[in-house]
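> Just a sequence and a predicted model for now, questions to come.
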Amino acid sequence: MTPGMEADTNRDDIAVERRGDGSLLLRSRLTLAPVARSLPHLFDASAARWPQRQFMRQRQEGVQGGWRSIGYVEAARQSRAIAQWLLDQGAVPGEVIVALSGPSIEHALLTLATQRVRMALAPLSTGYSLLSQDHLKLTACVK
């Protein structure tokens with residue numbers, strides 16, 4: 001065994017199985033606590049628990065203080081509106097949406113919205129379009 005990596009086998013909450021090949025199989029004896037059904041459910045619970053908290057901030061010139069922000073409650077509201085818009089446009093759970101976007105509040109809202117409607121979001125770097133004249137890499141990524 002690697003020095004410093006000795007397993008603590010004297011714990012009651014961990015079951016240890018030593019295998020013939022020298023490997024250890026560890027199993028927790030602890031019961032898992034209830035978990036949120038999905039990230040949007042967890043997000044909504046956070047918005048309900050901390051309605052005044054800021055979810056995200058983004059640098060922006062021209063805004064007082066140089067930052068713009070969005071709170072949990074407003075992000076939940078906007079992501080639900082985007083999710084509904086996606087459904088109204090005929091989006092289907094399981095489909096993939098490609099987002100040509102840099103890191104932003106809007107990108108985060110779109111990510112949460114796609115999760116709400118059980119879609120996948122494939123973010124693509126803006127470099128695939130901004131630095132190219134023929135957009136071959138961008139086309140290859142989308143296909």
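Okay, I see it.

> residue contacts, Arg49?
By C-beta atoms under 8 Å, 6 or more residues apart in numbering, no residues touch Arg49. (C-beta placed from N, C-alpha, C; glycine too.)

> and it, how far is that from Ala76?
Separation of Arg49 from Ala76 (C-beta to C-beta, to the nearest Å): 12 Å.

> Likewise for Asp21?
49 Å.

> what about those two, which has more around it?
The residue with more neighbours, out of Asp21 and Ala76, is Ala76; 23 against 5, by other C-beta atoms under 10 Å.

> Buried residues of the helix or strand the more buried one falls within, list them for me.
Secondary structure from DSSP states H and E places Ala76 in helix 72-88. By neighbour count with 16 or more other C-beta atoms under 10 Å, helix 72-88 contains the buried residues 72-76, 78-80, 82-83, 86.

> Ok, stretch 43-61 next?
Applying 16+ other C-beta under 10 Å to stretch 43-61 flags 43-44, 46-47, 55-56 as buried.

> Make TSV out of these and add secondary structure and distance to Lys137.
Shown next, in TSV, are the buried residues of stretch 43-61 (DSSP: H, G, I helix; E, B strand; the rest coil; distance: C-beta to C-beta, whole Å):
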residue	secondary structure	distance to Lys137
Phe43	helix	33
Asp44	helix	37
Ser46	helix	37
Ala47	helix	38
Phe55	strand	32
Met56	strand	29
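
> hmm, which two among those residues are most spread apart?
Within these, Asp44 and Met56 form the most distant pair, 15.7 Å apart (C-beta to C-beta).

> just to revisit the earlier point, which one of the buried residues of stretch 43-61 is nearest to Ile97?
Ile97 has its nearest neighbour among these in Phe43, at 18.2 Å by C-beta to C-beta.

> how about the helices in the chain?
For the chain, the helices defined by DSSP state H cover 39-49, 72-88, 105-116, 127-130, 136-142.

> Lowest average pLDDT across those?
Of all those, mean pLDDT reaches its minimum on helix 127-130 (a mean of 70).

> circling back to that earlier point, now render the buried residues of helix 72-88 as TSV, adding distance to Thr31.
Shown next, in TSV, are the buried residues of helix 72-88 (distance: C-beta to C-beta, whole Å):
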residue	distance to Thr31
Tyr72	29
Val73	33
Glu74	36
Ala75	32
Ala76	30
Gln78	37
Ser79	32
Arg80	33
Ile82	37
Ala83	33
Leu86	37
